[in-house]
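> sequence first, then the predicted structure, then my questions.
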Amino acid sequence: MPFQPLEYYINSYLSGSITPEEWGELQELLKDSNNWQELKKLMDIQIAEYALSEPLFPRMKDAIRKGVLEKIAGDEAAGAPEENLGKTRTVALRRWYWAAAAAVLLTGTAAVYYMAGKKHTPPPALVHHQPADIAPGTNKAVLTLANGSTVSLDSSGARVIAQGPAVIRQQGGQLLYAAKGNSGNITYNTLNTPQGGQFQLQLSDGTRIWLNAASSITYPTAFTGHERRVAVKGEVYFEIAPSANTPFIVQVDDRAAIEVLGTAFNVNAYKDEKSLDATLLNGSIKVNGVVIKPGQQARIQPSSEIRIVKQADVVKALAWKNGLFDFEDAKLDEVMRQLARWYDIEVSYEGDIPDIEFIGKISRNSSLKGVLKGLERMGVHFRLDEGRKLVVIK
């Protein structure tokens, strides 16, 4: 069978493995109306497999099915002939499922349905508020050296900084440290990303680090002694270089100490989130003395109590590093906090925060306007005031 790019990209999208570059290519394919018939065929296959109870689109399927059945119930109440009810169900399922799936791909967001804790009703006619477009975040950060001087970093930088026993090289959106030799005069640097920024860092031991927006890490320019210790704020992903004799310790302000030898994990420690979450991809870590296994998450509550999630959503925890927003099971206020950090905006609400829960993924390369269009399709409306202030309105 010849290779079908559209089918490949859609399968990657459905499995959650699509890359930002592939997502952009998929969007370009969908702009061409010549591909829509092929898209419909692919969705018809999904519908047929759904009829056989295959676990495709599991959460989306359940949500859409609920809406379909409510629609059918309305048709039956309106007096559809009994002998046509089976046919009505089949036609409605195909029509609604296809329309919802097409909306997912054509609008650039998988957040196509919401559950508001009340009986579902179709969203009202939209009153569109057209905000000025805001570009997504980029690679940018500020490096603070031990002497207090600062260096602004972005994707275009290429420089070399000598600092004691370390040599620092910037290559675009990352900093790389290398130790020139052993020295007792170890200094500490801090790398800060602002709202709307992200950056990568490689420490002198080879440990690789990714910083999300509004995050920071303080670290030695070279490691000596019997441990490797850094301090972080915000959200940071680690790939720790193995070293059996020198454990790596991540200090998260006064809330957590995470000890590792060689592993990959994510720490979400934003102060405005409900908990501090440490999610382990592989290896082993100790969070405040509690051992965490791969695929698990340590969730530290404000009371300092630790709750272990044994089957954590690792894909969701690492979505930001992979260039995606993952809104699976996310409430509106959580979604807005993510957007505020990445687009460097201030979010407020007119009235109470709507009780809305989302599903799906969207590229972090999308402009703010593109994201808001997807959210407006679910009945959430916005106004962008001067000074990058986004107001959520009912």
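Sure, I can see it. Numbers count the residues shown, from 1 in each chain.
> next one: Gln171 from Val160, what distance?
Gln171 is 10 Å from Val160, where distance means Cβ to Cβ, to the nearest Å. C-beta here means a position set from N, CA and C on the backbone, and glycine is covered the same way.
> more crowded one of those two?
Neighbours of Gln171 and Val160, each counted by other Cβ atoms under 10 Å, are more numerous for Gln171; the result is 12 against 8.
> just checking, that one touches Ala158?
Yes. Shown here, Gln171 and Ala158 form a contact pair, counting by Cβ atoms under 8 Å, at 6.6 Å.
> partners of the longest strand along the chain, with directions?
Secondary structure of the chain per DSSP state E: the longest strand is strand 228-239. Partner strands for strand 228-239, per DSSP bridges, with pairing direction: strand 208-211 (antiparallel), strand 215-220 (antiparallel), strand 248-252 (parallel), strand 264-269 (antiparallel).
> next, the angle strand 215-220 makes with the helix or strand that contains Tyr177.
For Tyr177, the element it lies in under DSSP states H and E is strand 174-179. Going by axes from the mean of the first three to the mean of the last three Cα atoms, to 10 degrees, strand 174-179 is angled at 10 degrees with respect to strand 215-220.
> buried set for strand 174-179?
Buried residues in strand 174-179, counted by 16 or more other Cβ atoms under 10 Å: Gln174, Leu175, Leu176, Tyr177, Ala179.
> re earlier: the strands paired with strand 228-239: which one's closest to Ser149?
strand 215-220 (15.4 Å; Cβ to Cβ).
> what residue ranges in the chain score low on pLDDT?
Flagging of the chain using pLDDT under 70 yields the residue ranges 1-4, 11, 13-17, 36, 40-132, 181-184, 394.
> repeat the analysis, applying 50 as the threshold.
The chain contains residues with pLDDT under 50 at 1-3, 48-61, 64-65, 67-69, 71-73, 75-131.
> residue ranges of the helices in it, please?
With helices called from DSSP state H, the chain shows them at 5-15, 20-31, 36-51, 58-77, 85-107, 314-317, 332-343, 368-376.
> any chance you could list what contacts the shortest one?
For helix 314-317, contacts defined as Cβ atoms under 8 Å, 6 or more residues apart in numbering pick out Gly16, Asn266, Asn268, Asp277, Thr279, Leu281, Gly295, Gln297, Asp326, Glu328.
> how about the last one, what does it touch?
Contacts for Glu328 (Cβ under 8 Å, 6+ apart) come out as Arg59, Asp313, Lys316, Phe358, Ile359, Gly360, Lys361.
> now with 6 Å, please.
Listed by Cβ atoms under 6 Å, 6 or more residues apart in numbering, the contact set of Glu328 reads Lys316, Ile359.
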